[in-house]
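Student: A structural model of the following input is requested.
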Amino acid sequence: MDRQEAEMTSAMKESEHLRNKLRRLEDDLTEYRLKNSDLTEELVRKVAEENKRKEETCDFFKIRELEEKLYDANEKIKYLEGELNEIKHNQEIAKEAENIKKADTEVEMKIMREALDEALKQKSILQKRFESEFNQLRNVNTAQEQQLLDDFEWKLREVEQSCKKKILDADKCKRDLEAQVTKLTVEVEELSKFKNAEAELAQLRTVSHEHQRTIRTITRQKEELQVNEKILNEEMSRIKASLEKEKTHIATLQAIHSREITEKNRKHQFKLDQQKIELQEQFEERLKKETLRTKVDCEKHHLEDKRVAVEHTRAQGESKLQEQKKKWEKQLQESQHQVEVLRERVKDSERLHRQEVESAVTHSDQSMLEMRRKFDKLDMSYQEKIEKAQETHEQEIEHLNEEYERRLAQCEASWQQQLSTTRTTLELVKEQMRRDTYDQIQHLRTQHQRELEEQWSRLIQERDEALAELEQRHRTTIESLRTEIEIRSKKSNAESEVSYGVKDALQKVLTNVFNFKS
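Tutor: Below is the predicted model:
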């Protein structure tokens with residue numbers, strides 16, 4: 001459009017130049033006519049004077065000279081009138097050429113507007129498509145994040161329930177042990193009621209020794225129970241550690257909840273320790289009292305009843321100990337089974353996450369290839385338009401050169417027929433027209449070159465802007481994927497290895513984008 005406007009302005013300037021030249025020629029013609037009229041008046045006046053002065057002796061040669069001057073002036077007037085008519089004819093031809101050029105420029109402007117509208121439509125379609133793809137990818141990512149959060153909350157609730165169940169089982173075992181201790185104390189008190197003779201003192205001493213051995217076995221059983229309790233506490237601490245690792249991925253509410261759970265566990269453990277210490281002290285005191293009482297009352301107890309009672313208590317203690325061992329082994333197997341189930345779920349989540357990352361990477365690669373293909377098509381179309389415009393400009397320049405050469409040839413042919421007096425003026429006019437045509441051609445060439453450079457710079461700028469926008473979009477998507485991968489990579493060591501592989505893949509995508517831009 002700018003080029004067409006520049007050509008129209010140059011054509012208008014040329015027509016204005018021709019009008020000014022026509023006005024100058026008309027002024028010269030009027031001036032010559034005035035001079036001719038002055039010369040004719042002077043000639044008539046001189047002829048009258050000479051006739052008055054020398055009616056008889058008139059100079060024939062002077063009259064002949066004046067007649068020749070008058071004849072030359074009339075010839076010059078005719079020549080100027082013919083030149084004026086020719087210039088008017090050339091002006092009409094120039095106006096017709098200007099109208100044709102205006103029509104051509106209007107057609108070219110219409111074509112350029114249509115091409116511009118088509119390019120804008122394609123740009124809007126591409127923009128809508130990219131926005132829809134971006135929204136779709138964002139929705140998929142949000143859905144995946146929500147699904148992962150729901151799975152994690154479900155796992156957390158399940159682990160909490162298992163921990164609570166284990167704590168309740170430990171409390172139940174503690175209550176069972178307390179009941180056993182109370183039962184043993186009651187049985188010992190009942191045994192103290194039996195009175196025997198003094199003759200059985202030695203046998204009762206042996207019974208007391210056996211009773212001490214049973215007490216030692218009970219203490220060993222108690223130590224074994226304490227060892228089992230320590231193992232359970234270690235298992236609980238390990239489960240708590242895994243639970244804490246899982247809880248690091250949740251917000252501040254989950255952290256507060258974990259702190260509350262640890263505080264409750266600490267208080268409960270503290271209470272358990274205090275109760276154990278108290279029970280142990282009470283049991284030791286009772287044992288001391290009972291040993292003293294048995295030592296005092298052993299002379300009055302019967303050996304057989306004592307032995308039967310001790311064997312009965314031993315059998316009950318061993319049976320209860322076996323049952324307790326079975327319960328602990330069953331609970332240990334259940335906890336191991338739960339750990340295996342959780343590991344399988346973590347592996348499934350890792351596999352799903354890996355598949356999602358691979359699909360996102362392939363989708364980004366496909367979008368990059370599609371964008372590159374579209375940009376190549378646009379570049380080829382713009383290159384074809386530039387070549388067509390350049391060809392039209394070259395044709396116009398050749399047409400102008402031919403027209404001006406034709407005009408110069410016509411002017412030279414007409415100037416050769418003129419008189420020697422007007423040759424100098426014609427040479428000046430010819431030189432001026434050559435300079436004008438050369439200046440106009442140079443102006444058109446520079447203008448055409450400038451327009452081509454501007455179009456090329458605009459194309460380069462549009463391509464760079466589109467590449468920058470595409471690069472920014474891929475950077476944002478890659479950064480979001482990278483942050484999501486870094487957050488999820490804290491779950492386990494296996495996920496960290498997957499995230500390293502995905503990071504390398506994303507780095508390759510970035511290098512491909514930079515290479516494509518370059």
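Student: pLDDT wise, what is residue 179 at?
Tutor: Residue 179 is assigned 74 on the pLDDT scale.
Student: which SS state does it fall under?
Tutor: Put simply, residue 179 is helix when judged by DSSP: H, G, I helix; E, B strand; the rest coil.
Student: burial of it, as a residue count?
Tutor: 11 (other Cβ atoms under 10 Å). All C-beta spots, glycine's among them, are computed from the backbone N, C-alpha and C.
Student: got a list of what it touches?
Tutor: By Cβ atoms under 8 Å, 6 or more residues apart in numbering, no residues touch residue 179.
Student: any idea how far it is from residue 172?
Tutor: Distance of residue 179 to residue 172, given as Cβ to Cβ, to the nearest Å: 11 Å.
Student: repeat that for residue 403.
Tutor: 113 Å.
Student: more neighbours: which of these two?
Tutor: The neighbour comparison of residue 403 against residue 172 (other Cβ under 10 Å) goes to residue 403, with 14 against 11.
Student: what helix or strand is residue 158 on?
Tutor: Secondary structure from DSSP states H and E places residue 158 in helix 60-192.
Student: could you do residue 388 as well?
Tutor: helix 303-416.
Student: what of residue 439?
Tutor: helix 423-488.
Student: over to residue 39?
Tutor: Taking DSSP H and E as the criterion, residue 39 maps to helix 2-53.
Student: avg pLDDT for the helix holding residue 388?
Tutor: For helix 303-416, the per-residue pLDDT averages 65.
Student: next one: stretch 98-114
Tutor: Taken as a whole, stretch 98-114 carries a mean pLDDT of 73.
Student: now swap in stretch 144-154 and tell me
Tutor: On average, stretch 144-154 scores 70.
Student: from residue 24, how far off is residue 480?
Tutor: Taken as Cβ to Cβ, the span from residue 480 to residue 24 is 76 Å.
Student: please identify which of these two sits among more neighbours.
Tutor: Just comparing residue 480 and residue 24: by other Cβ under 10 Å the higher neighbour count belongs to residue 480, 14 against 10.
Student: check what pLDDT the more buried one gets.
Tutor: Looking at residue 480, its pLDDT stands at 72.
Student: and it, how close does it get to residue 351?
Tutor: Counting by Cβ to Cβ, the gap from residue 480 to residue 351 is 21 Å.
Student: how about residue 10?
Tutor: Applying Cβ to Cβ, the value for residue 10 to residue 351 is 72 Å.
Student: so for those two, which residue has more residues nearby?
Tutor: residue 10 (15 against 11).
Student: pretty sure the more buried one contacts residue 446?
Tutor: No - applying Cβ atoms under 8 Å as the test, residue 10 and residue 446 come out as separate, 11.6 Å apart.
Student: what sits in contact with each of those two?
Tutor: In contact with both residue 10 and residue 446: no residue, using Cβ under 8 Å, 6+ apart.
Student: okay, now residue 17: neighbour count?
Tutor: Look at residue 17: counted by other Cβ under 10 Å, it has 14 neighbours.
Student: which non-adjacent residue is nearest it?
Tutor: residue 436 (7.2 Å; Cβ to Cβ, 6 or more residues apart in numbering).
Student: just give me the neighbour total for the one you found.
Tutor: Around residue 436 there are 14 residues (other Cβ under 10 Å).
Student: check residue 44 too.
Tutor: Using other Cβ under 10 Å: residue 44 sits among 11 other residues.
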